[in-house]
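Student: model this:
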Amino acid sequence: MRARLTLYFNDAPARQVYLDPNRAYVLGRGSDSDIVIPSAEASRNHARMTWEGSCWHIADLQSKNGVAVDGAAIETAALETDGWLSLGELLVKFELRTEAQADADASRHRRRFQTSVELRRSLSPSAGVESLLKKLLSSTLQLTGLRRGFAMLARADGDMEIIATAGVEGDEAAAFRGSVGAVNHALQSGKNVVSMDVQQFIPLADRPSILAGHIAALVCLPMTLLDRTIGMIYADSQDVAKVLTDLDLEILDGLIGHASTALAVAQLDKEIIDINSILRHGEIDVDKLERWQGSLAGYRHPVDAHGGRDDGDNLRWSTIAEAS
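Tutor: From the prediction side, this is the model:
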């Protein structure tokens, strides 16, 4: 019988791996491991999993931090039912899967990719910037299971402006109440920040915005074009609604990449309309020209990585961006 492992990381999406009973698997930190565990808690060769007789078995390969099955430390153990494995501090869910169940899982994955293609098609430049960002934000919440989201675009001055929100009511729509630390980290690194258990994610766990907002899970996804950050999609939740996997993140990355290009095209369309308005009867309207230059989209400008503060309850993004 096949099996499925779900590896849970504090600072990355979960990873699912299917096991074939016709082969053995070494799990560990080493690059030569069959299932690589990118954690300092894991030994180079931490554990081995094999199908023997009528069930799966796991053996500790003299690892530094040990192996546990359903909370009990083991040297070897038979895995006859679904349960939880611990490789050091890493939690791994073990599930038996019949061939039919594994095929059904693969079919669901294919359907999700097809859905992502349809979502990309809906992100058309003709919809306009705000509508496009609202659709992208809605798709992000749908895929991640998170409750609240902000879509932000870079302004010409390098500031971030909230363009669309979801799951936010009243005055909250005009102010960013999420994790400033996560956004700054994403801006500085240019990489996704993903955590489905923020309290265990050391860089963010003690941040004031995390504690004040009771944030349990979040994603922060930079929108880039030509190596420049043109915006940010941020979503969070006070509870963990689902397990976010590397497949989910792959789909999200595709959506974000497509949306970034679509946004650039939408902004270009708007600029052409603005230029036509500025050139009245062959003459330049100077006032309109100055206003237009100040509103150019962020893809025209590099975005500085601000070391923003988050020691308040109602910080607007412009306030954060002005911090030293």
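Student: C-alpha from now on. contacts and neighbour counts both.
Tutor: Noted.
Student: around residue 131, how many other residues sit close by?
Tutor: 16 (other C-alpha atoms under 10 Å).
Student: er, residue 99 I mean
Tutor: When counting by other C-alpha under 10 Å, one arrives at 12 neighbours for residue 99.
Student: now residue 150
Tutor: 27.
Student: do residue 227 as well
Tutor: By the measure other C-alpha under 10 Å, the count of residues near residue 227 is 10.
Student: and it, its phi and psi?
Tutor: Residue 227 has phi and psi values of phi 60, psi 20 when expressed as degrees, to the nearest 10.
Student: separation between it and residue 264?
Tutor: Using C-alpha to C-alpha, to the nearest Å, we find residue 227 at a distance of 13 Å from residue 264.
Student: equivalent analysis for residue 213, please.
Tutor: From residue 213 over to residue 264 (counting by C-alpha to C-alpha), the distance is 33 Å.
Student: and those two? Which one has more around it.
Tutor: Legend: neighbour count by other C-alpha under 10 Å for residue 213 and residue 264, higher for residue 264 (19 against 15).
Student: from the contact counts, what lies against the host helix or strand of residue 113?
Tutor: According to DSSP states H and E, residue 113 maps onto helix 99-122. Under the contact criterion of 3 or more C-alpha pairs under 8 Å, 6 or more residues apart in numbering; DSSP states H and E, helix 99-122 touches helix 246-278.
Student: where does the stretch 151-300 of the chain dip in pLDDT?
Tutor: With pLDDT under 70 as the threshold, the stretch 151-300 of the chain has low-confidence stretches at 156, 158, 170-174, 202, 241, 267-300.
Student: mind giving me the packing neighbours of the host helix or strand of residue 84?
Tutor: Taking DSSP H and E as the criterion, residue 84 maps to strand 83-87. Other helices and strands packing on strand 83-87, by 3+ C-alpha pairs under 8 Å, 6+ apart, are strand 67-69, strand 90-97.
Student: number of residues surrounding residue 204?
Tutor: Residue 204 has 20 neighbours, counted by other C-alpha under 10 Å.
Student: let me fix that: residue 245
Tutor: 18.
Student: ok, back up a step: quick check: mean pLDDT of the helix holding residue 113?
Tutor: In this model, helix 99-122 has a mean pLDDT of 79.
Student: partner residues bridging residue 152?
Tutor: residue 162, residue 232 (DSSP bridges).
Student: picking that back up, what does the helix holding residue 113 rub up against?
Tutor: 1-2, 135, 139, 251, 255, 258-259 (C-alpha atoms under 8 Å, 6 or more residues apart in numbering).
Student: let me know the angle separating the strand holding residue 84 from strand 90-97.
Tutor: 140 degrees (axes from the mean of the first three to the mean of the last three C-alpha atoms, to 10 degrees).
Student: output strand 83-87 in PDB with nothing but the alpha carbons.
Tutor: Extracted in PDB, the C-alpha atoms of strand 83-87 (Å, rounded to 0.1, in the frame of the first residue of the first chain):
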ATOM      1  CA  GLY A  83      -0.500   8.800  12.600                       C
ATOM      2  CA  TRP A  84       2.000  11.600  13.400                       C
ATOM      3  CA  LEU A  85       5.800  11.300  13.100                       C
ATOM      4  CA  SER A  86       8.400  13.600  14.700                       C
ATOM      5  CA  LEU A  87      11.800  14.000  13.200                       C
END
